[in-house]
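# Return atomic coordinates for the entry below.
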Amino acid sequence: QLQLVESGGGLVQPGGSLRLSCAASGFTLDYYALGWFRQAPGKEREGVSCIDSSGGSTNYADSVKGRFTISRDSAKNTVYLQMNSLKPEDTAVYYCAARLARARVTTCSPSFFGSWGQGTQVTVSS
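Numbering: from 1, shown residues only. Predicted coordinates for the structure are as follows:
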C-alpha cells in the first residue's frame, strides 16, 4: 500500500527555519515526481515546490523562492523541504504528494498529483 508520511512541522518564530520530511512506504520514490503543497485556513491548496523523478527539474512558488529548498534522497526514500526565513504567511498545513512520472515534470499543480500524505502543521508566530 502506497503511503506518504510527513513530519517536521511545528511552531517557529518569524525568521526561523524548519525542515519537513516526507517518507514513502510501500513503493520506491525513484520514478515519481514529488511535491510539497500547503493549505491555509479558508484558502485553496497551493503548490510550494516540486521536483521531478531525476531531481534535475525543480520549481518553486514565487512566494518561497530563495527561502525554501526541495530535495530528495533515494537511499532514504524521502523528500525534504528546507524552509528558511519563515514568515507568518507561511503558516499552513503542508502536504507532500507523488505521481508516477519518469519523464521530466515542470508542473506543480495539485491536480497533477494523485498520492497524498496526511499533512503536517507549520505555524510561524512570535
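# I'd like the distance between the residue nearest the centre of the chain and S126.
Residue closest to the average C-alpha location in the chain (CA atoms, centre = their mean): W36, at 2.0 Å. The spacing between W36 and S126, counted by CB to CB, to the nearest Å, is 24 Å. Heads up, the C-betas are built off the backbone N, CA and C, glycines and all.
# what's the pLDDT at the residue nearest to S126 when sequence neighbours are not counted?
Distance criterion CB to CB, 6 or more residues apart in numbering; nearest residue to S126, sequence neighbours excluded, is Q13 at 5.4 Å. If you check Q13, the pLDDT there is 98.
# Count the residues that sit near T106.
10 (other CB atoms under 10 Å).
# I figured it hits S57, correct?
Yes: contact between T106 and S57 holds when scored by CB atoms under 8 Å: they sit 6.0 Å apart.
# So what sits opposite T78 in the bridge?
A23, D73 (DSSP bridges).
# For it, give its distance to G42.
For T78, the distance to G42 - CB to CB - is 31 Å.
# What of S85?
Distance from S85 to G42, by CB to CB: 24 Å.
# Please apply the same query to G26.
From G26 to G42 the distance is 33 Å (CB to CB).
# Which one's more surrounded, these two?
Neighbour count, other CB under 10 Å: between G26 and G42, G26 has more, with 10 against 5.
# where does that one land on pLDDT?
So, for G26, pLDDT stands at 89.
# do the same with G56
G56 is given a pLDDT of 86.
# nearest residue to it other than its sequence neighbours?
R104 (7.2 Å).
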